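J.: sequence plus the predicted model coming up.
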Amino acid sequence: MATLADLKISEVKLSEEQTGKWGMVIDQDICTGCQACVAACAMENNLSFVGEVDSGYGRSMHWIRIERFWEGAYPEVKMTPNQPMMCQQCGSAPCEPVCPAYATMHSQAEQLNLQVYNRCVGTRYCANNCPYQVRSFNWRDYERPEPLSNQLNPDVTVRRRGVMEKCTFCIQRIHKAQDKAKSEGREVVDGEFTTACAQACPANAITFGRVDDPESLVSQLAHRGHGVKHLEELGALPSVTYFKGG
Amino acid sequence: MSEQFSRRDFLKLAGVGAATTAILTGCGPASRYVKREPYMQMPEYNYNGQSTYYATTCRECAAGCGLVVRTSQGRAIKTEGNANHPLNLGKTCARGQATLQGLYNPDRVTNPMKRASRGADSTQAMDWEAAIQAVADALKNNKPEEIAFLMGMAPDHLFDLVTDLAKATGMNAPVRFGALGMFDARATLSKAAENLFGQASLPFFDVGGAQVVFSFGANFLETWLSPVSYTRGFAGLREAQTKQRGKFVQFESRMSMTGGKADEWLPLRPGTEALVALAIGRLAAEILGGSMPRVFASVDPKDAATKSGIKLETLEHLAEMFASSNGALAIPGGAALGQSNGLAVAEAVLALNALSGNFGKPGGVYLSALAPNQTEYNRPASAREMQALVQNMFDGKIKVLFVHGVNPLFELPASLEFGGASKYVSQIISFASFPDETAREADFIFPDHHGLESWGYQRVATGSAQPVLSGAQPVVSPYYNTRATADVLIAAAQLAGGSFAAALPFKDEVEFLQSKIASLMSEADGSISGPDIATFMAYFQQHGGYWKLTDGRGAPSAEDMLNRTIAAEEAEFAGEGEFFFVPFVSPTLAEAGANKPWLQELADPTTTVMWNTWVEMNSETAHELGIENDDMVKIVSEAGELEAPVYVYPAIRPDTIAMPFGQGHTAFGRYAEGRGVNPADLLGSHFNEAGDLAFAGMKVKVTKTGEKKLLSRLESVMGVYGIGLGEEK
Amino acid sequence: MIKRIFDWLKQPLGLIAVGIAVLALFSLAAYGIYTTQQPPEQPIQFPHQTHVAFGIQCLYCHPGAAKGPAAGIPSQAKCWGCHNQIAKTQTSLLLAPLKDAVTSGTPIEWVPVAQVPDFVQFNHRAHIAAGKNCEDCHGDMSKVTIAQNPQVFNMGWCLNCHVETAGQDHEKLVKLSDCGTCHY
């Protein structure tokens, strides 16, 4: 019988060999920066709001944010294409090896970067080592006055003070779809479910799906040619492909 | 520490105390076990832990997008777009997503109540019998012409109900108003359509099918008319798979979120939009050849270039782009129309479309499809019509004012003096779900359900090719002791008797709804049909509404449009000062989002500011005036003054400042109250020809106060390394 | 003042007093821990064994277990469906709370016994589908009145079974030992 110890040894692979499983393609040319994805993510994943002062300190709990930069000077000033930035679910994630508590684990089954809240002791090493700066830390038990807690999603853990958190690619939706497919004796179909951000996006700028399935929409898009991965040179093997647009 | 009691002793004692506390309180059974209440009667289709989904309509703005709300154990958990709804095809905006924070907002009005005196905090809870009696008395004891209804912008079933009531009894017809309609300049669009096409309508611009889009101030990706639908259109414009990637040019004095997506952003001088549109038309007509259309003949491109600050070469290049494309579309909207010459701007821009010949064609201009149970376009009130209402209030012609779905004390510019006029109204009854500014000045608050707890329907005014009547149903049972305003009015009308009772012979709101949609039951081309009203109503709720399967958009007649003359004068600006003042609706908060904490915490798409109001000022100008980020400035207009911190913005004209509308509440719950300022306080009461407020037609003075207010923003982290929010440097 | 108290505590009588105090504290702590291990007070002393003895299947009252994450507590209408027809219901003292709840339309506040912490996302369906029987985790209900946990639901116990179930199937082992399978 296999044991957990066997598993660890057999699973050690060179990161370059890993294909990844779930991925995203984001078309920056049609992203309007409207924040629908940010709001959708907050509603789906029980994100706390932190208030004006804490958000000023950069402590807001956005699992996804939309970056925009300026190019040129007035009157030839341009806003660069909006860049939705969330956890890139790296194949070789810089956040993982630095966690002393094994709270930032790589999911072998789903090929995602996990944040295991009950293991997290709040060292914040992972956030400091994340090149994309997409992790947020619960600096306090943020207040959620009643009856606001009625809208909490029962499928997602409510985090408390001292715990790191980040985008999960809506792993609760992945599990739900897998569970449903399994109960019906079939495989999960491409497009059967999607993440909260992709579902809300009015411009359809976000596509989510299996990148290891060449037939899936997200694979088709990712191989269209002009996609880029952010900070690819770091070798973190991010799972999100961006179209710069223009 | 004192001599007798050493630090060491203290630590020992403290340690024992802490351990005892932990043992006695921390691990008790109470912390391990919870209580769980079973269903009394579980629906057959359900079981514990299973989510149920209900289709309804989003009420966060008047667009009328379809929602599907996930509920679990009787609680609403998440809103998603209704994938079958023709308007939004399964998508939502940020405000639609955050609608649950309104439903479960900690500051809702929980009971019907009477206010001790207007503006007072102390209220007295009432029961609904007394509340209905109060409404009935108000209806019965006043002459019908002394009763007025002020409602939100949405053309919904409640508006129909009040309209029916008014028609039957001689009451004033209900007035629909909203700040979004004012900033959209809907009256101007409608008037321009009437002047040019001979039919008042809300034009629909098919952005998705176009090759080149010129937008004159229209913030169609933010809050304008139907943002989700227009965003889908924009994605279609850019989609490069099936056709060439469409070009987008924006003319505006301050870069909006929409302008940020433009290939070319042209900061023209405010007030010169009509000139620029006609000049481009003239230059394009020259390129196209043939005789010069009369509408463009009188404009001098060189003059237009000088006045607008856009180079002549640029105008020529834009004209070339417009003329050479076989799908050019021009959109007038937003601040460009909210000026003294707004109607001329709208007409000039529509004339560009006439030149392009795109009326009623894909990628062109249509007349919006009328909803299935609608015969003519019924636009919300313009600011001038609101002024007329305010005047009637001042004159004592209105004794009872019912307010539902709108917050005029916040949304109307203070200079229109709604607050002053309300003192001459003997009774104000508010149906607000939230304790907003107007509810605070009301004698009674009879809270309506939240939109997710209500029945109803809403006509989709624009944005969909198909005629749509969007359906609403309660997705959860009411959380508080609230009651549907339609039910209150029906019950009160019965009590009042006479023509009131005759006008609303219904048992309840649902019966009224059924009477209104019954005619659609067996119509051809409908998305649903039913053998009887109960079945049809069930389908109506299940699918989230009723829509035609055919294209209901009208093609405007372009005849004579090019032979008109349009006065291409520059706009006039009220007040004195060195800066043009551009107020714009916050893309994330809009007019009523400030009480939802997560909308407050969304970063503004252009500045990334959260939780507050800012003033956008050009970097060069700020440098000259010695103003840095977060410096407070005092802005003085002819109508008022206020103070707000500066956000140094690289994409705004040096002679212009801009402010977002959405904050500055003095009531409206803990997340909105006392936060930021309301730029509507600066607006004077000047109107354009169509009656819309010339909200972008002001000049203001700006002075540095020497104070600082650090803005919380996503793009930079202050605080961590020294400077804290709210502290001095 | 404080110094005088400390001096007094240092003499024999004082030491005995301190000893008693410490002892009392420990007993209190022990009692506290003991209480956490006790099944909680239920609104009705629900006899599981009687129901099982009548041949009622677990899934009759807890159908959610086969379909989704939560097994669920049966609705009061379901209880009443049978109990309404049982004469004893009207007179039994034990059943009085049920009668009251149904007639007055108020929910009974049950205290769930088998619980996992908030940060564990447990799904009954997958376990039933994998061939687990209810009693494998919840014990033999034909022997107990109020449900009791035959074992502490902790992660080691979960994982032991997961690894055992996976056996030689490597793919299954990866899935069943993945943190993200239960924690998100």
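T.: All right, it came through fine.

J.: please count neighbours and contacts with C-alpha atoms only from this point.
T.: Will do.

J.: which parts of chain A are helices?
T.: Taking DSSP state H as the test, the helices found in chain A are A:4-11, A:36-44, A:51-56, A:125-129, A:171-183, A:196-200, A:217-222.

J.: which of those helices sits closest to residue B:586?
T.: For the helices of chain A, the distance to residue B:586 is smallest for helix A:36-44, at 13.9 Å, taking Cα to Cα.

J.: chain C versus the residue nearest to residue B:108 when sequence neighbours are not counted, what's the distance?
T.: Nearest in space to residue B:108, with sequence neighbours left out and distances taken as Cα to Cα, 6 or more residues apart in numbering or on different chains, is residue B:434 at 4.7 Å. Using Cα to the nearest Cα, to the nearest Å, we find residue B:434 at a distance of 30 Å from chain C.

J.: mind giving me the packing neighbours of the longest helix seen in chain C?
T.: When chain C is scanned for its longest helix (criterion: DSSP H), the result is helix C:12-36. Applying 3 or more Cα pairs under 8 Å, 6 or more residues apart in numbering or on different chains; DSSP states H and E, we find helix C:12-36 packed against helix C:2-10.

J.: and if we set it to 10 Å?
T.: The elements that helix C:12-36 packs onto, with contact taken as 3 or more Cα pairs under 10 Å, 6 or more residues apart in numbering or on different chains; DSSP states H and E, are helix B:7-21, helix C:2-10.

J.: what comes up buried for the following helix or strand past it?
T.: With elements assigned by DSSP states H and E, the helix or strand that comes after helix C:12-36 is helix C:48-53. Under the neighbour-count criterion of 16 or more other Cα atoms under 10 Å in any protein chain shown, helix C:48-53 has C:48, C:49, C:52 buried.

J.: nearest to residue B:504, out of the residues you listed: which one, please.
T.: Comparing the buried residues of helix C:48-53 against residue B:504 with Cα to Cα places residue C:48 closest, at 55.4 Å.

J.: is it correct that residue C:149 is in contact with residue C:137?
T.: Yes. Applying Cα atoms under 10 Å as the test, residue C:149 and residue C:137 come out as touching, 8.0 Å apart.

J.: now list whatever residues contact both of these two.
T.: residue C:114 (Cα atoms under 10 Å, 6 or more residues apart in numbering or on different chains).

J.: tally of neighbours for residue A:217?
T.: Other residues near residue A:217 come to 18 when the count uses other Cα atoms under 10 Å in any protein chain shown.

J.: over to residue B:401?
T.: Around residue B:401 there are 21 residues (other Cα under 10 Å).

J.: what sits against residue B:526?
T.: The contact partners of residue B:526, taken as Cα under 10 Å, 6+ apart, are B:372, B:467, B:468, B:520, B:546, B:547, B:548, B:549, B:550.

J.: wait, is the fifth one part of a strand?
T.: By that I understand residue B:546. Yes. The assignment for residue B:546 (DSSP: H, G, I helix; E, B strand; the rest coil) places it in a strand.

J.: how is residue B:659 assigned, secondary-structure-wise?
T.: Reducing the assignment at residue B:659 to three states with three-state DSSP gives strand.

J.: pLDDT at it, what is it?
T.: Looking at residue B:659, its pLDDT stands at 96.

J.: likewise for residue B:197?
T.: You'll see residue B:197 listed with a pLDDT of 87.

J.: verify the stated contact: it with residue B:555.
T.: Yes. With contacts counted by Cα under 10 Å, residue B:197 reaches residue B:555, the gap being 9.3 Å.

J.: what do these two both touch?
T.: When Cα under 10 Å, 6+ apart defines a contact, the residues bordering residue B:197 and residue B:555 alike are residue B:367.

J.: in chain C, which helix or strand is least confident?
T.: Among the helices and strands of chain C, helix C:2-10 carries the lowest confidence by mean pLDDT, DSSP states H and E, at a mean of 83.

J.: with chain B as the reference, measure out to the residue nearest in space to the middle of chain C.
T.: Within chain C, the residue whose C-alpha comes closest to the C-alpha centroid is residue C:113; the distance, by Cα atoms, centre = their mean, is 1.7 Å. For residue C:113, the distance to chain B under the criterion Cα to the nearest Cα works out to 8 Å.

J.: so that residue, which state does it fall into?
T.: For residue C:113, the reduced secondary structure class is coil; criterion used: three-state DSSP.

J.: what's the first helix or strand after the strand or helix carrying residue B:495?
T.: Using DSSP H and E, residue B:495 maps to helix B:485-496. Heading C-terminal from helix B:485-496, the first helix or strand you meet, by DSSP H and E, is helix B:498-503.

J.: mind exporting that following helix as CSV, just the C-alpha atoms?
T.: Extracted as CSV, the C-alpha positions of helix B:498-503 are listed here (Å, rounded to 0.1, in the frame of the first residue of the first chain):
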residue,chain,number,x,y,z
GLY,B,498,-64.0,56.3,-4.3
SER,B,499,-62.0,56.7,-7.4
PHE,B,500,-58.9,55.5,-5.6
ALA,B,501,-60.4,52.1,-4.9
ALA,B,502,-61.8,51.9,-8.3
ALA,B,503,-58.4,52.6,-9.9
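
J.: what's the average pLDDT for that helix?
T.: Here the mean pLDDT over helix B:498-503 is 91, rounded to a whole number.

J.: can you give me how far it is from the chain middle?
T.: Once both centres are worked out by Cα atoms, centre = their mean, to the nearest Å, helix B:498-503 turns out to sit 34 Å from its chain's centre.

J.: buried residues in it, which are they?
T.: When burial is assessed from 16+ other Cα under 10 Å, helix B:498-503 yields the following buried residues: B:500, B:501, B:503.

J.: pLDDT score for residue C:37?
T.: Checking the pLDDT column for residue C:37, the value is 64.

J.: quick one: low-confidence parts of the stretch 201-350 of chain B?
T.: Applying pLDDT under 70 to the stretch 201-350 of chain B flags residues B:240-242.

J.: again but with the stretch 1-150 of chain B, I slipped
T.: For the stretch 1-150 of chain B, the stretches with pLDDT under 70 are B:1-32.

J.: now the helices for it?
T.: Along the stretch 1-150 of chain B, the stretches classed as helices by DSSP state H, counting those that start in this stretch are B:7-21, B:94-97, B:99-103, B:128-140.

J.: ditto for the stretch 301-450 of chain B
T.: In the stretch 301-450 of chain B, helices defined by DSSP H, counting those that start in this stretch lie at B:301-308, B:312-324, B:342-356, B:383-394, B:408-411, B:418-422, B:437-440, listed in chain order.

J.: out of those helices, which is closest to residue B:192?
T.: Smallest distance to residue B:192 across those (Cα to Cα): 5.7 Å, for helix B:342-356.

J.: which secondary structure elements does the closest one contact?
T.: Going by 3+ Cα pairs under 10 Å, 6+ apart, helix B:342-356 lies up against helix B:186-197, strand B:212-216, helix B:273-288, helix B:294-297, helix B:312-324, strand B:328-332, strand B:365-367.

J.: which stretch of helix or strand covers residue C:122?
T.: Take DSSP H and E as the rule and residue C:122 turns out to sit in neither a helix nor a strand.

J.: isn't it right up against residue C:69?
T.: Yes. Residue C:122 sits in contact with residue C:69 when judged by Cα under 10 Å, with a separation of 6.3 Å.

J.: the residue nearest to the centre of chain C touches residue C:147, doesn't it?
T.: Yes. Taking contact to mean Cα under 10 Å, the distance of 6.7 Å between residue C:113 and residue C:147 places them in contact.

J.: near chain A, which residues of chain C?
T.: For chain C, the residues in contact with chain A under the definition Cα under 10 Å from any Cα of the partner chain are C:66-69, C:117-123, C:125-126, C:129, C:159-160, C:163-184.

J.: sweet, I'm off.
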